[in-house]
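> mind looking at a prediction? Sequence and model below.
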Amino acid sequence: MALQITDATLDSVLETDKLVVIDFWAEWCGPCKMIGPIIEEIGEEYKDKVVVGKLNVDDNDETTGKYGIRNIPTVLFIKNGKVVDKVVGAGPKTLFTEKINNLL
C-alpha cells in the first residue's frame, strides 16, 4: 500500500536509505486514476525494499513547486534525497518496476 505524503511529512519520508517513489496525482486526473492501482501494487510488492507514496498536488503546493511538477501523473524516484529518475504520464506497471529494479 502506498503511503500518503504531504508537505508536512515529506522530509521524514525522505530520511530513509531506501529508494523513495512518489506519485504526484490529483483526484480529477484521469491518467492518475489509471496508474493509481499500479502504484498501490508496487507499494505492496516492494514494501521491504522501497518506500512508495502518493502526494495530492492540489493539497500540497510546496512540494509540488519544489520538484517543478507541471504535469500529472508524475512519478519521481528519489535516492539519498536526490531525484534519480522520473516518469511523466501514465504507463504500464513494467515501466515502473523496471526503473525500480535498475535503481535498487
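Okay, I see it.

> separation between the residue nearest the centre of the chain and residue 90?
Centre of the chain computed as the mean C-alpha position; nearest residue by Cα atoms, centre = their mean is residue 22, 1.5 Å away. Going from residue 22 to residue 90 by Cβ to Cβ, to the nearest Å gives 16 Å. Where C-beta positions appear, they are placed from N, C-alpha and C, glycine not excepted.

> and the longest helix seen in the chain, how far from the chain's centre?
Using DSSP state H, we find that the single longest helix of the chain is helix 30-45. Put simply, helix 30-45 sits 10 Å off its chain's centre (Cα atoms, centre = their mean, to the nearest Å).

> which helices and strands does the helix or strand following that helix pack with?
Using DSSP states H and E, the helix or strand that follows helix 30-45 in sequence is strand 50-56. Under the contact criterion of 3 or more Cβ pairs under 8 Å, 6 or more residues apart in numbering; DSSP states H and E, strand 50-56 touches strand 3-5, helix 10-13, strand 19-25, helix 30-45.

> may I see the buried residues of the helix or strand that strand 50-56 is followed by?
Counting by DSSP H and E, the next helix or strand C-terminal to strand 50-56 is helix 61-66. Within helix 61-66, the residues that qualify as buried are 63-64, counting by 16 or more other Cβ atoms under 10 Å.

> which neighbouring elements make contact with the longest helix of the chain?
With contacts defined as 3+ Cβ pairs under 8 Å, 6+ apart, helix 30-45 has these neighbours: strand 19-25, strand 50-56, helix 93-103.
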